[in-house]
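Colleague: take a look and give me a structure for this.
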Amino acid sequence: MFNLLLVFKFVVVLCFARFTKINVHCLFVFIKVYNLIKHQPCAFRQDKSKWERKVEFEGGNEKEGPKLIPRPNETNCYSIGGKVTVYSEFKGEFSIYLELRSSANKKQVPEQCNNRKEDGCGGFGSCLYCDACQTLETNKELKAQLLLDGKPISCGEGVKPGIYENMELAFCLPNADEMLKSQGLTKETFKSLIQSEDGGNNVHSLGVFATIYVFDRDVRKLMQTQQKVENVYRKSKKSLFKDEPLPPDVYWSLPFNSLIKEQRAFVVCHKIFGNVQIRTQPIS
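Modeller: All right, here's what the predicted structure looks like:
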């Protein structure tokens, strides 16, 4: 058993012609999240915070506290348990926003949501997952949910205030293709990343900063409006590439994103910090 988080591991074989010669070089590229630094609840102050803390999950790191546990039969999916405090009744239709960053720099916008549906839900990257009462197996678009005794919390039942040790926060991280795309890595940029004078033997690390927000209300209309505004903005800026991030001032002014910037309206918030390791090895 792993004491640390082993989120995922995959292998990419990349071939390219080097220095425009005919010779083709191939590399094994191993990518995995190899180290959980820590996970912790978001800071909350009763007199200053704009969000209502209804549920709080216990924090932990590689040495102590609850670990991230792999979900059986659910690739790249994990759960956080431990001691969970419910401060006030939690019920109703809820949705979960999973924010992914490759940098701790708050001035840098989060990874964009790819393949989001017209209703504002689903996709991979920094996305909103609606209908979080469904199971991860039933709804393949769902990447995060709350569990009680291993089953999704029913939107109609709710959870009473108290201390729970049978509640979990479950979520899924991107697979190989999704991870590369969310990092903006094409074959060309990947080639530039891994080429080195030592013949390709190298190790690179990328930070992963994830924040999970839970809303106990339907916020998809905000995301739908945001999609429309973003589409209009991108069409008006011919110089903006398709996958290019929006300018920070524009990004944070959008309807749903402003909730995150101002830290309001959600009822659960938990942060996860880890590293992605990229190791390359020439194919002999």
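Colleague: how many residues are close by Cys239?
Modeller: In this structure residue 239 is Ser, not Cys. Ser239: 5 surrounding residues under other CB atoms under 10 Å. No exception for glycine: its C-beta is placed from N, CA and C like everyone else's.
Colleague: which stretches of this protein have low pLDDT?
Modeller: 1-36, 133-142, 155, 174-206, 276-284 (pLDDT under 70).
Colleague: which parts of it are helices?
Modeller: For the chain, helices defined by DSSP state H occupy the ranges 176-182, 187-194, 220-236, 248-251, 255-261.
Colleague: bridged to the closest residue in space to Gln108 that isn't next to it in sequence, which residues?
Modeller: Excluding the flanking residues, the one nearest Gln108 by CB to CB, 6 or more residues apart in numbering is Arg101, at 7.1 Å. Judged by DSSP bridges, the bridge partners of Arg101 are Phe209.
Colleague: and Arg101, how far from Pro110?
Modeller: Applying CB to CB, to the nearest Å, the value for Arg101 to Pro110 is 5 Å.
Colleague: run a quick neighbour tally on the closest residue to Val250 other than its chain neighbours.
Modeller: What sits nearest to Val250 in space, not counting adjacent residues and going by CB to CB, 6+ apart, is Tyr233, at 6.4 Å. Tyr233 has 16 neighbouring residues, counting by other CB under 10 Å.
Colleague: quick one: Tyr233 and Asp249 touch, right?
Modeller: No. Tyr233 is beyond contact range of Asp249, at 11.5 Å (criterion: CB atoms under 8 Å).
Colleague: just to revisit the earlier point, name the residues contacting each of Arg101 and Pro110.
Modeller: The contact sets of Arg101 and Pro110 overlap at Ser126 (CB atoms under 8 Å, 6 or more residues apart in numbering).
Colleague: which of the two has more neighbours?
Modeller: Legend: neighbour count by other CB under 10 Å for Arg101 and Pro110, higher for Pro110 (22 against 18).
Colleague: residue contacts, the more buried one?
Modeller: Counting by CB under 8 Å, 6+ apart, Pro110 has contacts Glu99, Leu100, Arg101, Gly125, Ser126.
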